[in-house]
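Asker: Structure here, sequence nowhere to be found:
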């Protein structure tokens, strides 16, 4: 796979730069009322720390009221990815931010249903949207 590019918001402290990875690409779009994090590739035990860093960095630095994580470009998600989303949910809840996860279809949806991710998010005042 060719080099992928990740764009982090300047507010997150990282400028646009290439990422030498075959697993994951992350792009942050930040606005005053919401931020959107587009994730593509494979979220595994090796790549989930990168996603964790982006999510927690955004949630710890003056976050908007709504953060959406779009996983429609994710081809594979393992339990470390689920753990990363749960950690982000905890951080969002602590900052009174609504965390929305979208684009969960196929095996991602099955994994989310088995782990009852949607129920956990709903109980915390956030949501998981299946496609």
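Answerer: Structure received. Keep in mind the model is a prediction, meaning the values are calculated, not measured. Residues are numbered from 1 along each chain as shown.

Asker: Under the pLDDT cut-off, which ranges of the chain? List them.
Answerer: Residues of the chain meeting the criterion pLDDT under 70: 1-21.

Asker: The strand ranked longest in it pairs with which strands?
Answerer: Using DSSP state E to define each element, the chain has its longest strand at strand 66-77. In the sheet, strand 66-77 lines up against strand 34-43 (parallel), strand 98-104 (parallel) (DSSP bridges).

Asker: ok, what's across the strand from the residue most central in space within the chain?
Answerer: For the chain, the residue lying nearest the average C-alpha position, counting by CA atoms, centre = their mean, turns out to be residue 69 (4.2 Å). On DSSP bridges, the residues paired with residue 69 through beta bridges are residue 37, residue 101.

Asker: Which residues are in contact with it?
Answerer: Contacts of residue 69 were listed using CB atoms under 8 Å, 6 or more residues apart in numbering, and they are 37, 39, 55, 85, 88, 99, 100, 101, 102. For glycine as for every other residue, the C-beta is placed from the backbone atoms N, C-alpha and C.

Asker: how close does it sit to residue 34?
Answerer: When distance is defined by CB to CB, to the nearest Å, residue 69 is 12 Å away from residue 34.

Asker: do the same with residue 125
Answerer: To residue 34, residue 125 is 15 Å away according to CB to CB.

Asker: neighbour-wise, which of these two wins?
Answerer: Taking neighbours as other CB atoms under 10 Å, residue 125 and residue 34 compare with residue 34 leading, 16 against 13.

Asker: Any idea how many residues pack against the residue nearest to residue 75 when sequence neighbours are not counted?
Answerer: Setting aside the residues directly before and after it, residue 75 is nearest to residue 42 in space (CB to CB, 6 or more residues apart in numbering), at 5.9 Å. By the criterion of other CB under 10 Å, residue 42 has 19 neighbours.

Asker: Confirm for me that residue 42 is in contact with residue 23.
Answerer: Yes. With contact taken as CB atoms under 8 Å, residue 42 and residue 23 are classed as touching, separated by 4.7 Å.

Asker: Who are the contact partners of the closest residue to residue 76 other than its chain neighbours?
Answerer: In space, residue 76 comes closest to residue 42 once its chain neighbours are excluded; the distance is 4.3 Å by CB to CB, 6+ apart. For residue 42, the set of contacting residues under the criterion of CB under 8 Å, 6+ apart consists of 23, 24, 74, 75, 76, 77.
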